[in-house]
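Colleague: quick one, structure for this:
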Amino acid sequence: MRKFNIRKVLDGLTAGSSSASQQQQQHPQHQPGNREPEIQETLQSEHFQLCKTVRHGFPYQPSALAFDPVQKILAVGTQTGALRLFGRPGVECYCQHDSGAAVIQLQFLMNEGALVSALADDTLHLWNLRQKRPAILHSLKFCRERITFCHLPFQSKWLYVGTERGNIHIVNVEAFTLSGYVIMWNKAIELSSKSHPGPVVHISDNPMDEGKLLIGFESGTVVLWDLKSKKADYRYTYDEAIHSVAWHHEGKQFICSHSDGTLTIWNVRCPAKPIQTITPHGKQLKDGKKPEPCKPILKVEFKTTRSGEPFIILSGGLSYDTVGRRPCLTVMHGKSTAVLEMDYSIVDFLTLCETPYPNDFQEPYAVVVLLEKDLVLIDLAQNGYPIFENPYPLSIHESPVTCCEYFADCPVDLIPALYSVGARQKRQGYSKKEWPINGGNWGLGAQSYPEIIITGHADGSVKFWDASAITLQVLYKLKTSKVFEKSRNKDDKPNTDIVDEDPYAIQIISWCPESRMLCIAGVSAHVIIYRFSRQEVITEVIPMLEVRLLYEINDVESPEGEQAPPLPTPVGGSNPQPIPPQSHPSTSSSSSDGLRDNVPCLKVKNSPLKQSPGYQTELVIQLVWVGGEPPQQITSLAVNSSYGLVVFGNCNGIALVDYLQKAVLLNLGTIELYGSNDPYRREPRSPRKSRQPSGAGLCDISEGTVVPEDRCKSPTSGSSSPHNSDDEQKMNNFIEKVKTKSRKFSKMVASDIAKMSRKLSLPTDLKPELDVKDNSFSRSRSSSVTSIDKESREAISALHFCETFTRKADSSPSPCLWVGTTLGTVLVIALNLPPGGEQRLLQPVIVSPSGTILRLKGAILRMAFLDTTGCLVPPAYEPWREPNVPEEKDEKEKLKKRRPVSVSPSSSQEMSENQYAVICSEKQAKVISLPTQSCAYKQNITETSFVLRGDIVALSNSICLACFCANGHIMTFSLPSLRPLLDVYYLPLTNMRIARTFCFTNNGQALYLVSPTEIQRLTYSQETCENLQLKSAEPKCPSADSTHVLSYSFHCQTPSVGESASGKASRSLAQHIPGPGGIEGVKGAASGVVGELARARLALDERGQKLGDLEERTAAMLSSADSFSKHAHEMMLKYKDKKWYQF
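Modeller: From the prediction side, this is the model:
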């Protein structure tokens, strides 16, 4: 009779009767003889909630810039409709316009915590920033005209909106409605031009008189418009098109920048011609002719100082003969002209000044320059104009991110250790002043545990980031390419031609936070192992191993010459032959047919290498060419500091290396791991016939929208038998590719990489349908998929070191390696480790396949182990100690006798107690009871899609399985019973970047790369969502002093603009759309007592003025009534005694 666990059945009933019945079917229990210990599961559905927390990195594709000089907050808009707010270091906020249209201009309502955004779809939005999550109060959609420029004068309620037709409309920002006042283009120019002046490119008010409006048209016409008299005072014409205009603070002069690289300075009262014409970068000709034309000056700013010459700051204007010169910002101060070169093209710039008032000396102190891929702040007060050190994490994309890992709740000494070695890498020569953008308030972060994000990049660099408490700060940067020779001529190119570019790109990162051991796998089939040290060392010879991995079914012999392990059997072992470390042991050898053989893709340096404090190279392992076939890219990687082992695999097989003895322990093809237990029917074939050329898996990534029907298809689903094709034609195609060095990226390998490393590529069936949106990760894209070999190889997709039960008959746990493949098979390899100390370095590690085989549906993604109480059993590790410090003999002896620390709780358990193996594949999850190897629980995660990432994570003093599916769902399951706890649709798999970088970690945290330059963090913990106090760019409430001086007034200072004088605007011109929150709700949510008092004071002032007006009117009416009564009484007395005929 089958015995059910009542507690688990009741838990299932709480999730619904349907799921309960499913659990009973899917979770078969053990037989009574092997009774399952009861495990109390504390996680329930109410512990989970999904929400975004913060977005880090540089705004992708920026398009607009604005600054509030009182609140000291910077706003950046992007071409995708995003809005990023920056305040003091650590204060950031992300908002998004629903339409996704590009932001063309931003305008702060200074000191009011409000912002107006103008979008390319001709909408205006009023944002309220006085809350934790900024919201849109009002929107205004223009229906008949295109918006080109906006201007909001300081302390005014009128927003001037210029259009493509040359007209100017006026918006009341209080009600966000159109005024009836319109400045028509034909009225503005009258007879000064015979043709249309073009779109409005500039609007500004005279600093000394806001009733005078300066309007710049694209054609070169500038008009000074009098708002009260509704006519133009002056018109200024120039032959060249205008790009921007700027006022002198006295309101008597203005400066224009033109398309021929000239600047014209005009006197307001002299419209005939400019008083001065400057060509900053033009060559002055001797005969008095006009200078040669230059590139357009896109923007100019004119800032004055009390004690010296004014600053003229401009972008563009370089001469046409400076081909290849980088974009420049030019600062003209008196007779000196400084040309500051930028790394990227300039999107916009703003000058930061001491005063917000436009009619006072500006006293500029810095320039914010928004570049295409960077944000630069230049100090104008110091000689040489140094830049400020940027405190924001905007350098994530310094080289394209190729993989990402996230570690929460790290050892507390890790971040200080990484910071101390990273501080030495900082550049010098920055401005000595503090970062001037220092607005906003810090929230009270709920997280107090250390968090670290590691990013791998296309140039081979690895960056460590401190991600604690929802901030991001770079700690340390490691350059892995330093161990390789750089190819300087074309003759060296063939060795690295499996990738067209970025041969050092990081593909997989394996890191042990406790021991600080780091292992990376690169795109050129190389693995590097690093140790952490605080001491600088010089390595005379870089330790190196070369491994030859073959995929050949019909070979019974060993696949490599340097290592000959016997065929695996359920019991048995392979004694490794230690290989002495070599600097570069093999030279380019060729097989009989002239094909490259036994050659690695990269050449390791043979000269001494100086290694700075931080991560230092312990061993370099490279796969080599085999018979003209390049090595396949590595698809899985694991390192264990307690065992001193590193293991990696690809679609050819698996290699296990002892990095302490620098020896290869195991080198087997995937099929050889099975031995005689292979459940698959495989047809013999030669590797050359079925060659799948390697490509830049990390750098060959297309992006676009996924076709819904194809989203559910798994890249590893399908038959494992070879695809029938013309062998001769394949052979010819292969040889031709070798000769031309234009190797096509294998469609199947790409999909294998995507599923096996969960970092690299889209599914096979998705790739051809993608539209390429950006090529930041697309280096060597293949345009043809017709010649790709369709047959499926079984690749190594998951690796896990552990101390557990290897076989059914085992009575105690022992060290072993669990191997998962893309066909859903889990194989176990037993490890026999020598004693610690000197014996560990002298005696070999015995490795033997155990014969244990487990099966799941879909490629294996993740494995973990639980003890008998349901707690996670972490892999054993050796605590970190400084490797390069010479120690006393007694201490050395102690270290030799010291065994590696195993944190496995199973070692202290009774022999009869069991463990659980948690295995997650792309289709299902299973919990296997050990040592019996029976399936305790099973859950089919998805039928119509596949899992991209699965992680076993800690949450609320318990553990769960978290999964992200290709159909956009994020799901969590309890452990060990695999009850569904969360299933939320988050985002679909729309590009390769998400698939490659999505990862879960402990305490309900997750992240992914949302754009090539930005990391999006999210949480799936209910507690974190509730306690989350975002460190958002919430404006400081205006202080009493600043409110008194800069109180925002809605009193109409130009009554002719209002509705009473100009009538109502046409309803068909613009449509008003109320915001989602409504002004009353947002006012209620506005933060700060001082702000409330300021608003109350303004309301009282307005009410008092209205009451005063009412009292005056009442008095006037009373006086009028008295006068009327008096006159009536006099008339009555005058005609009282007269008869009717006497009138």
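Colleague: low pLDDT regions in the stretch 101-250 of the chain?
Modeller: Within the stretch 101-250 of the chain, the ranges that satisfy pLDDT under 70 run 192-193.
Colleague: just the stretch 701-850 of the chain next, same as before
Modeller: Using pLDDT under 70, the stretch 701-850 of the chain drops low at 701-792.
Colleague: quick one: least confident helix or strand in the protein?
Modeller: The weakest-scoring helix or strand in the chain, judged by mean pLDDT, DSSP states H and E, is helix 1040-1045 (a mean of 33).
Colleague: so what's Asn267 up against?
Modeller: By CB atoms under 8 Å, 6 or more residues apart in numbering, the residues touching Asn267 are 252-253, 275. C-betas here are computed from N, CA, C, even on glycine.
Colleague: please check these and keep the buried ones.
Modeller: In the contacts of Asn267, burial by neighbour count holds for Gln253, counting by 16 or more other CB atoms under 10 Å.
Colleague: can I get the contacts of Asn267 in CSV with pLDDT and distance to Gly308?
Modeller: Formatted as CSV, the contacts of Asn267 follow (pLDDT from 0 to 100; distance: CB to CB, whole Å):
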residue, pLDDT, distance to Gly308
Lys252, 94, 19
Gln253, 95, 17
Ile275, 94, 21
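Colleague: cross the contacts of Asn267 against helices and list the overlap.
Modeller: Counting by DSSP state H, no part of the contacts of Asn267 is found in helices.
Colleague: could I get the contacts of Asn267 in JSON lines, plus columns for distance to Tyr94?
Modeller: Shown next, in JSON lines, are these (distance: CB to CB, whole Å):
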{"residue": "Lys252", "distance to Tyr94": "43"}
{"residue": "Gln253", "distance to Tyr94": "41"}
{"residue": "Ile275", "distance to Tyr94": "46"}
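Colleague: just the contacts of Asn267 now: which is nearest Thr804?
Modeller: Closest approach between the contacts of Asn267 and Thr804, by CB to CB: Gln253, at 81.3 Å.
Colleague: contacts only, for the closest one.
Modeller: Taking CB under 8 Å, 6+ apart, we find Gln253 in contact with 247, 265-268, 275.
Colleague: in the stretch 351-500 of the chain, where is pLDDT below threshold?
Modeller: Short version for the stretch 351-500 of the chain, where the test is pLDDT under 70: 443-447, 488-500.
Colleague: could I get the full set of helices for the stretch 801-950 of the chain?
Modeller: With DSSP state H, counting those that start in this stretch as the criterion, the stretch 801-950 of the chain has helices at 838-842, 889-897.
Colleague: so how far is Tyr419 from Leu475?
Modeller: 5 Å (CB to CB, to the nearest Å).
Colleague: between these two, which is the more surrounded one?
Modeller: Shown here are Leu475 and Tyr419; by other CB atoms under 10 Å, Leu475 has more neighbours (23 against 15).
Colleague: in which helix or strand would I find that one?
Modeller: strand 473-479 (DSSP states H and E).
Colleague: ok, now Ser420?
Modeller: Per DSSP H and E: Ser420 is located in helix 414-422.
Colleague: show me what the strand holding Leu475 is packed against.
Modeller: helix 414-422, strand 461-466, strand 614-623 (3 or more CB pairs under 8 Å, 6 or more residues apart in numbering; DSSP states H and E).
Colleague: which strands or helices does the second one pack on?
Modeller: Going back to what we said before, that points to strand 461-466. In terms of contacts (3+ CB pairs under 8 Å, 6+ apart), strand 461-466 is packed against helix 414-422, strand 451-457, strand 473-479, strand 506-512.
Colleague: give me the number of residues near Ser229?
Modeller: Number of residues near Ser229 (other CB under 10 Å) recorded here: 10.
Colleague: A strand includes it, no?
Modeller: No - counting by DSSP: H, G, I helix; E, B strand; the rest coil, Ser229 is not found in a strand; it is coil.
Colleague: give me the phi and psi angles of it.
Modeller: phi -90, psi -10 (degrees, to the nearest 10).
Colleague: just the pLDDT for Pro988.
Modeller: We have a pLDDT of 75 for Pro988.
Colleague: and it, helix, strand or coil?
Modeller: Here Pro988 is recorded as coil under three-state DSSP.
Colleague: can you redo the contacts of Gln253 as TSV with distance to Val70 and secondary structure?
Modeller: Shown next, in TSV, are the contacts of Gln253 (distance: CB to CB, whole Å; DSSP: H, G, I helix; E, B strand; the rest coil):
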residue	distance to Val70	secondary structure
Trp247	20	strand
Ile265	30	strand
Trp266	30	strand
Asn267	32	strand
Val268	28	coil
Ile275	34	coil
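Colleague: returning to what we had before: what's the closest of the helices and strands packed on strand 461-466 to Lys230?
Modeller: The nearest among the helices and strands packed on strand 461-466, by CB to CB, is strand 473-479 at 55.3 Å.
Colleague: relative to Ser812, how far out is the closest residue to Gly870 other than its chain neighbours?
Modeller: Ranked by CB to CB, 6 or more residues apart in numbering and with sequence neighbours excluded, the top spatial neighbour of Gly870 is Ile39, at 4.0 Å. Distance, Ile39 to Ser812, using CB to CB: 21 Å.
Colleague: quick one on the thing from earlier: closest one to Val527 out of the contacts of Gln253, please.
Modeller: Nearest to Val527 among the contacts of Gln253, counting by CB to CB, is Trp247 at 62.1 Å.
Colleague: any idea how far that closest one is from Phe302?
Modeller: The spacing between Trp247 and Phe302, counted by CB to CB, is 7 Å.
Colleague: go on, Ala859?
Modeller: Taking CB to CB, one finds Ala859 at 63 Å from Phe302.
Colleague: residues of stretch 177-187 that come out buried?
Modeller: For stretch 177-187, burial by neighbour count (16+ other CB under 10 Å) applies to 178-183, 185.
Colleague: could you export the residues you listed as a markdown table, including secondary structure?
Modeller: Listed next are the buried residues of stretch 177-187 as a markdown table, based on three-state DSSP:
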| residue | secondary structure |
| --- | --- |
| Leu178 | strand |
| Ser179 | strand |
| Gly180 | strand |
| Tyr181 | strand |
| Val182 | strand |
| Ile183 | strand |
| Trp185 | helix |
